[in-house]
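Peer 1: test case, fold it:
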Amino acid sequence: MTWLDPSPFLRGVAWLDDGRAVRADPADLARLPWDVAERAALPIGVRLEFTAQGARAVEIRYRASVPGPTDTLGEIAHCFALWQGGSLVRETIAEPAEEAVVTLRLPADAEGPFTIHPPEAHSPVILGLRALGGSVTPAPRRPRWVVHGDSITEGWWSTRPANSWPAVAGRLLGLDPVNLGYAGAGRGELATAEQLAGLPADAITLAFGTNCWSGIPCSAPLLYETTRAFIALVRQGHPHTPLLLVSPVLRPDAEQTPNRLGATLAELRTAMEEAVVDLMGSSPGIRSGPGPGPGPGSGIRSGSGPGDKRLALLPGRDLIGPGQLADGVHPDDQGHAAMAAAVAKALRTTLSSFESSDT
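Peer 2: Next comes the predicted model:
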């Protein structure tokens, strides 16, 4: 039985590098911080989508990095998860190998569409797929939703790739999420904004900011200007694409604790939100953002004029509670689900309002 080329079945793909799905432009890695380039090599959010005609199972041929005896990633289950719609059908555990085949049994008499979420930790490359007892064809493509952020967007502390908030929200909205979350990064890197500008997208969500408190610290005025510059660069490639910014979610240890530049996470969050509101309501070239060191009580301000009518803001502070944080920073599965529901609601409202304004 002939192996099928996996490319038409792959979803959530930003770029391909010699057939391998990567999450940063392989021709532009030199301008990115090393941690972004490192995380971009992992195929986070990449999956296979297909319909089945009389098939009892599907086989996936793959290659994955084999962990060494001291590699902590070896403890993570190398799991292929089969989904139909919003429901998990089954999971199949397979070992990482230089080349191997895994078989996933399909529900009887069901055509799908089906989604297979491969494991992510060992950088698997899908080499081919084929049906047993029938045929499979690529599922219809859905609108592309490009999502950029940090480790929370990447899905840290979700127990499976399909449980990350972009994956869950994508299912709720019927979109094809392209996950450009970079653990340890997502600090408003402007080279990333330029790469996002070059990607096809029907909707865009930005959800960074918590790593601007720690790691490489920002002041509130710096993050205000960085947010405006990031959005401006994305807009050069997507002048009319609906864009939703989600400000940082709750991080209890950082909310009222100044970083090395004296900014609390609450102040950084306010600066990002002010930047978005100003862009939504200010005339081009008019700056109405915060002065040095805005306090936690400083209000959201907006300017005058038409502004960016396809830009929306979802304040992140109250999207999840302390009990939904696995480690004080990253949501657990319940937290990811809560974020997904909130983002899906906001994006659905945003997309509907934009569609109405176009008619």
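Peer 1: could you say which helix or strand holds the most centrally placed residue in the chain?
Peer 2: By Cα atoms, centre = their mean, the chain has its centre lying nearest to Asn179, at 3.2 Å. In the assignment (DSSP states H and E), Asn179 maps to strand 176-181.
Peer 1: buried ones in the following helix or strand past that strand?
Peer 2: Scanning forward in sequence from strand 176-181 by DSSP H and E, the next helix or strand is helix 190-197. Residues of helix 190-197 classed as buried: Ala191, Thr192, Ala193, Glu194, Gln195, Leu196, Ala197 (neighbour count, 16 or more other Cβ atoms under 10 Å). Backbone N, C-alpha and C define where each C-beta goes, glycine included.
Peer 1: coming back round to it: residues in contact with the residue nearest to the centre of the chain?
Peer 2: When contacts are counted by Cβ atoms under 8 Å, 6 or more residues apart in numbering, Asn179 is found next to Gly12, Arg23, Ile44, Gly45, Val147, Thr153, Glu154, Gly155, Ser164, Pro166, Ala167.
Peer 1: again, only this time at 10 Å
Peer 2: Listed by Cβ atoms under 10 Å, 6 or more residues apart in numbering, the contact partners of Asn179 are 12, 14, 23, 42-46, 120, 145-149, 153-155, 161, 164-167, 170.
Peer 1: equivalent analysis for Leu106, please.
Peer 2: 50, 52, 54-58, 82, 84, 89-90, 112, 114, 131-134, 136.
Peer 1: which one among the buried residues of helix 190-197 gets closest to Ala346?
Peer 2: Leu196 (19.2 Å; Cβ to Cβ).
Peer 1: any idea how far Asp25 is from the closest one?
Peer 2: 10 Å (Cβ to Cβ, to the nearest Å).
Peer 1: any residues in contact with both of those two?
Peer 2: Overlap between the contact sets of Leu196 and Asp25, as judged by Cβ under 10 Å, 6+ apart, is given by Ala14.
Peer 1: where in the stretch 51-200 of the chain is pLDDT low?
Peer 2: Where the stretch 51-200 of the chain drops to pLDDT under 70, the residues are 67-75.
Peer 1: quick one, strands of it?
Peer 2: All strands of the stretch 51-200 of the chain, identified by DSSP state E, counting those that start in this stretch, fall at 57-63, 79-84, 87-93, 100-105, 114-117, 125-132, 135-138, 144-149, 176-181.
Peer 1: who does the fifth one touch, helix- and strand-wise?
Peer 2: The reference is to strand 114-117. Judged by 3 or more Cβ pairs under 10 Å, 6 or more residues apart in numbering; DSSP states H and E, strand 114-117 is in contact with strand 47-53, strand 57-63, strand 79-84, strand 87-93, strand 100-105, helix 165-173.
Peer 1: apply 6 Å and report the result again.
Peer 2: In terms of contacts (3 or more Cβ pairs under 6 Å, 6 or more residues apart in numbering; DSSP states H and E), strand 114-117 is packed against strand 47-53, strand 79-84.
Peer 1: residues touching Gly328, list them.
Peer 2: By Cβ atoms under 6 Å, 6 or more residues apart in numbering, the contact set of Gly328 is Asp253.
Peer 1: and it, backbone torsions?
Peer 2: phi 90, psi -10 (degrees, to the nearest 10).
Peer 1: over to Leu313?
Peer 2: According to degrees, to the nearest 10, the main-chain angles of Leu313 amount to phi -130, psi 130.
Peer 1: just the buried residues out of the contacts of Leu106, in PyMOL syntax.
Peer 2: A single PyMOL command selects the buried members of the contacts of Leu106 (16+ other Cβ under 10 Å):
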select buried, resi 50+52+55+58+82+89+112+114+131+136
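Peer 1: contacting residues around the residue nearest to Glu194 when sequence neighbours are not counted?
Peer 2: With Cβ to Cβ, 6 or more residues apart in numbering as the criterion, Glu194 has its nearest non-adjacent residue at 5.4 Å, and that residue is Leu233. Contact analysis of Leu233 by Cβ under 6 Å, 6+ apart lists Ala193, Glu194, Ala197.
Peer 1: where's Leu233 relative to Ile204, distance?
Peer 2: Relative to Ile204, and taking Cβ to Cβ, Leu233 is found at 12 Å.
Peer 1: try Asp109
Peer 2: Remark: distance between Asp109 and Ile204 (Cβ to Cβ) = 39 Å.
Peer 1: circling back: chain center to the strand holding Asn179, what's the gap?
Peer 2: Centroid separation for strand 176-181 versus its chain: 4 Å, with Cα atoms, centre = their mean, to the nearest Å.
Peer 1: swap in stretch 124-131?
Peer 2: Mean C-alpha position of stretch 124-131 versus that of the full chain (Cα atoms, centre = their mean) differs by 23 Å.
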